[in-house]
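Asks: Take this sequence and fold it.
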Amino acid sequence: MTKKEKVISGKKLVVSAVILVVSIIIIAFSLSYAYFSVGFGSGVDAQDNKTAIMNVTSSLTSAAAINEVKMELINNDEVSSKAKTVTFDVTNGGDSTVKAKYIVKLINYSLTKNLFSSYFKWRLVVNPEVPEKTKTFDGNFLGEDGVEPSSVVLTGDPSQDKISNLTKVLVSENDNLVLEIGQTDSIVFYIWLENAPNVDQNYLTNGQFTGHLSLEASPVK
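Replies: The predicted model follows:
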C-alpha cells in the first residue's frame, strides 16, 4: 500500500470540519396582504373590489439551530439518520382568504473555501411523513466553477479563507410549493458531509460554515 493510499483508507469517519448553523431567522411572515380584484366592463361598481388576507406562520421562529463542532462523513443511505437537521413547519391560517406560495433559502451564509465541495451537501424534504405529498430537494455547496478544492490549504486568516454574505435558494417559486387555506407543511432541512470511499477528503478538515434559514411567503389567487 502506498503512502497516499494509507492516508485515504485510514481517514477517520470524523472530519473536524466546523459546520455551524448558529441562528435561524424568518423573512416575510404573518403577513396581511391586500390586493384588488376588479371587474371591467359596463356596470362595474367599486364595491366589487375584494381585499384578501394571508396569514402565514412557521415554527421556524423557535426551531433548534444546528451547532456542531465535528461532523461525520456519512454514506448516502445514512443521511436520514445521521445528518444534522432543522425541523419546522409552515401554515396558511384558517383565517386566510388566499392560498400561499412559499420559498426557502439560506441567506447571509459564509463558508471557508475548502467547503466549496460537492461532498458538502444539503437536502430539504417537505411532508416526509405523507408519501403522496412528499417533495425532496437536493444540492451541494460546490462553487460555480465546478472544481473541487482538493488543493486548498487554509491560511488561518478568516479574511482570506472565508467567503461571506452568500445566498442559496433551496426551494424556488418555480417549485410551486403552495399552501391551501388551513394547510400545514412539515419540513426537514439536512446538512452533511458525504463519505466518498477511495477519495482523499482531508481538504475538508477545519472548514467553517455559518448560515440562516429563511422562509418567504406570498399570496396566490
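
Asks: residue ranges for the strands of the protein, please.
Replies: Applying DSSP state E to the chain gives strands spanning 14-15, 18-20, 56-58, 67-68, 71-74, 84-92, 99-112, 120-126, 135-140, 162-171, 178-179, 184-194, 208-220.

Asks: Could I get those in JSON lines, plus columns for mean pLDDT?
Replies: What follows is the strands of the chain, written out as JSON lines (pLDDT from 0 to 100):
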{"stretch": "strand 14-15", "mean pLDDT": "43"}
{"stretch": "strand 18-20", "mean pLDDT": "40"}
{"stretch": "strand 56-58", "mean pLDDT": "87"}
{"stretch": "strand 67-68", "mean pLDDT": "76"}
{"stretch": "strand 71-74", "mean pLDDT": "84"}
{"stretch": "strand 84-92", "mean pLDDT": "91"}
{"stretch": "strand 99-112", "mean pLDDT": "88"}
{"stretch": "strand 120-126", "mean pLDDT": "95"}
{"stretch": "strand 135-140", "mean pLDDT": "96"}
{"stretch": "strand 162-171", "mean pLDDT": "91"}
{"stretch": "strand 178-179", "mean pLDDT": "95"}
{"stretch": "strand 184-194", "mean pLDDT": "93"}
{"stretch": "strand 208-220", "mean pLDDT": "85"}
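
Asks: nearest to Val153, of the ones you listed?
Replies: For the strands of the chain, proximity to Val153 was assessed by Cβ to Cβ; strand 99-112 is nearest, at 11.1 Å. Every C-beta, even on glycine, is put in place using the N, C-alpha and C of the backbone.

Asks: got the buried residues for that closest one?
Replies: With burial defined by 16 or more other Cβ atoms under 10 Å, the residues of strand 99-112 counted as buried are 99-107, 109-112.
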